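**Student:** Below are the sequence and a predicted model for it; my questions follow.
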Amino acid sequence: MSTDLAISTRGLRKTYRNRRGQRAVAVGGLDLDVPVGGVHGFLGPNGAGKTTTIRMLLGLIRADSGTMTVFGQTVPERLPDVIGRVGAIVEQPKFFPSFSGRKNLTMLARAIDAPTSLVDVVLSDVGLLDRADDRYKGYSLGMKQRLAIAATLLKDPDLLIFDEPTNGLDPAGIREIRGTMRGLADRGKTVLVSSHILAEVEQVADTVSIIARGELIASGSVADLIGAGAAGTVRVGIADVPRAQQVLGAQGWTVRPEGRYLLVDGGVAPASITEALAAQRLFVDELVPVRVDLESVFLDLTAGRGPGTHAPPPEGEHRPAHHAGEAS
Ligand SMILES: Nc1ncnc2c1ncn2[C@@H]1O[C@H](COP(=O)(O)OP(=O)(O)OP(=O)(O)O)[C@@H](O)[C@H]1O
């Protein structure tokens, strides 16, 4: 198993018995690779199996079958050897409301035998140093979440696992957590963050894995996944759409009208479009590359794959995982 991977799973499977006594698949043969370093987004609609996967990795629940490694060590068997390198924020820790953030962390450091000199370091890591002496109960939700992250950092983990860390936070809180995750990755930590909200992860993740119904359906760098969906379309705003369509079509380009715009596909250089139109005394008032965001890639890939939207495919009919950068 490659040691360049912080996490790797093969054929990971977990089923639950539902109320009618039937086995329902929560994770159905998941192959997941999380490289060492950077922020890795673990994405999928609600009920896709993200939390179940994280709980299996942390040894909190048992897998039915499949293999898992964390930093090359087989888990759960070798978990005691690696758990010290893993910090997970799966639920809110209990802090004393009337004590300051600093005092809460100092007590925690003593309890886990971490040097108390680390307290200010981790407070600074999450951007709470200037509020360290304020009482916990006066903290915003985002600050409470960041204190939870700071608590995890006390044991100086190499891998941080965040399960839906921005749940319930306002946009400012979401930005703060995003900044904190980025900062941790920039200092060499590996961050795994699960989310069903793409927009939150797109801006901070270096690589992503997209799962639906417990299976991997796409993985790769954010840039590659977005690039795979984009194919270089340019939107042209112009007064005389039909004439412009004729002129650009005559160049052999694929041109589609869309309201008062024209869409030119196939990675044609914007300068060539301007030049061809200006030669016919047609002047553009807008020329923008169409940005395909991860959200649309995600919606496309997971379409119809939310929980309960359709029955799992019969054995042998699984859609192959799409890896960015591969011809598909
Ligand atoms: N303890 C359990 N008993 C029965 N079913 C469960 C249990 N835990 C999870 N499930 C089911 O397994 C599936 C995957 O759930 P999981 O919580 O892993 O998804 P998720 O991707 O984390 O979703 P969310 O974003 O909503 O947390 C769901 O259909 C869920 O109802």
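**Tutor:** Nice, I can see it.
**Student:** Identify the residues contacting the one residue in the stretch 151-300 of the chain that gets nearest to the ligand.
**Tutor:** Here the residue of the stretch 151-300 of the chain nearest the ligand is His196; by Cβ to the nearest ligand atom that distance is 4.7 Å. Every C-beta, even on glycine, is put in place using the N, C-alpha and C of the backbone. Residues in contact with His196, defined by Cβ atoms under 8 Å, 6 or more residues apart in numbering, are Leu43, Gly44, Pro45, Asn46, Ala48, Lys50, Glu164.
**Student:** shouldn't the first one be in contact with Glu202?
**Tutor:** No - taking Cβ atoms under 8 Å as the definition, Leu43 is not a contact partner of Glu202, at 9.2 Å.
**Student:** With neighbour numbers in mind, choose between the two.
**Tutor:** Here Leu43 and Glu202 are set side by side on neighbour count (other Cβ atoms under 10 Å), and the busier one is Leu43, at 29 against 20.
**Student:** what are the bridge partners for the more buried one, then?
**Tutor:** With DSSP bridges applied, the residues forming beta bridges to Leu43 are Ser195, Ile210.
**Student:** helices and strands of the chain: which one bottoms out on pLDDT?
**Tutor:** Across the helices and strands of the chain, the lowest-confidence element by mean pLDDT, DSSP states H and E is strand 322-323, at a mean of 46.
**Student:** Following element in sequence after whatever helix or strand Arg110 lives in, please.
**Tutor:** Of the helices and strands defined by DSSP states H and E, Arg110 is found in helix 101-111. Sequence-wise, the next helix or strand beyond helix 101-111 is helix 118-125, with elements assigned using DSSP H and E.
**Student:** hmm, who's touching the host helix or strand of Ile54?
**Tutor:** In this assignment (DSSP H and E), Ile54 forms part of helix 50-57. For helix 50-57, contacts defined as Cβ under 8 Å, 6+ apart pick out 7, 9, 12, 14, 26-27, 30, 32, 42-44, 61-63, 68, 70, 75, 88, 90, 161, 163-164, 192, 194, 196, 211, 214.
**Student:** Sitting in strands, which of the residues you listed do you find?
**Tutor:** 7, 9, 12, 14, 26-27, 30, 32, 42-43, 68, 70, 75, 88, 161, 163, 192, 194, 211 (DSSP state E).
**Student:** what residues does stretch 108-126 touch?
**Tutor:** The set of residues external to stretch 108-126 that reach it, using Cβ under 8 Å, 6+ apart, is 101-102, 105-106, 129, 132, 146-147, 149-151, 153-156, 180, 183-184, 187.
**Student:** in it, what counts as buried?
**Tutor:** Leu108, Ala109, Ala114, Leu118, Val119, Val122, Leu123, Asp125, Val126 (16 or more other Cβ atoms under 10 Å).
**Student:** same deal with stretch 177-184?
**Tutor:** Using 16+ other Cβ under 10 Å as the burial criterion, the residues of stretch 177-184 that qualify are Ile177, Arg178, Thr180, Met181, Arg182, Leu184.
**Student:** so who does the closest residue to the last one other than its chain neighbours touch?
**Tutor:** Of all residues beyond its chain neighbours, the one nearest Leu184 is Val191 (5.6 Å), with distances taken as Cβ to Cβ, 6 or more residues apart in numbering. With Cβ under 8 Å, 6+ apart as the criterion, the residues that contact Val191 are Gly38, Val39, His40, Leu159, Leu160, Phe162, Met181, Leu184, Ala185.
**Student:** Just to check, the fifth one is in contact with Lys189?
**Tutor:** The one in question is Leu160. Yes - Leu160 is in contact with Lys189 according to Cβ under 8 Å; the separation is 5.8 Å.
**Student:** What pLDDT is listed against Ala324?
**Tutor:** Looking at Ala324, its pLDDT reads 44.
**Student:** same check, this time on Ala205
**Tutor:** We have a pLDDT of 92 for Ala205.
**Student:** residue ranges with poor pLDDT in the protein?
**Tutor:** Applying pLDDT under 70 to the chain picks out residues 1-3, 90-93, 226-231, 291-296, 304-328.
**Student:** mind redoing it with 50?
**Tutor:** Along the chain, segments meeting pLDDT under 50 span 1, 306-328.
**Student:** Okay, the closest residue to Val36 other than its chain neighbours and the ligand: tell me how far apart.
**Tutor:** The shortest distance from Val36 to any residue other than its chain neighbours is 4.9 Å, reached at Ala6 (Cβ to Cβ, 6+ apart). Ala6 sits 19 Å away from the ligand, taking Cβ to the nearest ligand atom, to the nearest Å as the criterion.
**Student:** What does the nearest residue to Pro76 once chain neighbours are set aside show for phi and psi?
**Tutor:** Excluding the flanking residues, the one nearest Pro76 by Cβ to Cβ, 6+ apart is Gly59, at 4.3 Å. Geometry field for Gly59 lists phi and psi as phi 70, psi 20, criterion degrees, to the nearest 10.
**Student:** quick one, helices of the chain?
**Tutor:** Using DSSP state H, the helices of the chain run over 50-57, 79-82, 101-111, 118-125, 141-153, 171-186, 198-202, 222-230, 241-249, 270-279, 294-302.
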